[in-house]
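Student: Show me how the following folds:
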Amino acid sequence: MEREALKQQLKQQIITFLNLTPLTPEEIKDDEPLFGDGLGLDSIDSLELIVLMKKEYGINIHDPKEGRKVLVDVNTMADYILANRRPK
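Tutor: Alright, predicted model coming up:
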């Protein structure tokens with residue numbers, strides 16, 4: 001999958017998995033932080049994103065330090081998926 005298409009797909013999945021229905025994919029910037037002052041996600045949301053990565057892309061994130069590096073923004077998530085995804 002091409003990187004831009006993956007980023008659009010990720011934005012839609014984030015909205016769906018985290019029930020952020022007032023948002024549209026266009027409102028989420030590729031480099032907007034997912035946590036803190038960006039989208040304002042919390043630790044429960046990070047667990048949901050880890051489940052999304054496993055369910056949709058076959059990627060297991062077990063180490064919290066790795067999770068903090070991956071779940072920074074849509075760009076870092078897409079890059080990690082492209083480098084590590086496993087076929088379904």
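Student: Looks like residue 21 contacts residue 14 (just checking).
Tutor: No - with contacts counted by CB atoms under 8 Å, residue 21 stays clear of residue 14, the gap being 11.4 Å. Using the backbone N, CA and C atoms, a C-beta is placed for each residue, glycine as well.
Student: Apart from its chain neighbours, what residue comes closest to the spatially most central residue of the chain?
Tutor: With distances taken as CA atoms, centre = their mean, residue 77 lies nearest the centre of the chain, 5.1 Å away. Distance criterion CB to CB, 6 or more residues apart in numbering; nearest residue to residue 77, sequence neighbours excluded, is residue 10 at 5.7 Å.
Student: that older thread, tell me which of residue 21 and residue 14 has more neighbours.
Tutor: Neighbour totals were compared for residue 21 and residue 14, and residue 14 leads with 22 against 8 (other CB atoms under 10 Å).
Student: Can you tell me the SS state at the more buried one?
Tutor: When the structure is reduced to helix, strand and coil (DSSP: H, G, I helix; E, B strand; the rest coil), residue 14 reads as helix.
Student: Which strands or helices does the least confident helix or strand in the chain by mean pLDDT pack on?
Tutor: The weakest-scoring helix or strand in the chain, judged by mean pLDDT, DSSP states H and E, is helix 64-70 (a mean of 91). The criterion is 3 or more CB pairs under 8 Å, 6 or more residues apart in numbering; DSSP states H and E, and the helices and strands that helix 64-70 contacts are helix 43-57, helix 74-84.
Student: give me the low-pLDDT residue ranges for this protein?
Tutor: 87-88 (pLDDT under 70).
Student: Tell me what residue 41 is bridged to.
Tutor: Residues in a beta bridge with residue 41, per DSSP bridges, are residue 35.
Student: can you count the residues close to it?
Tutor: 18.
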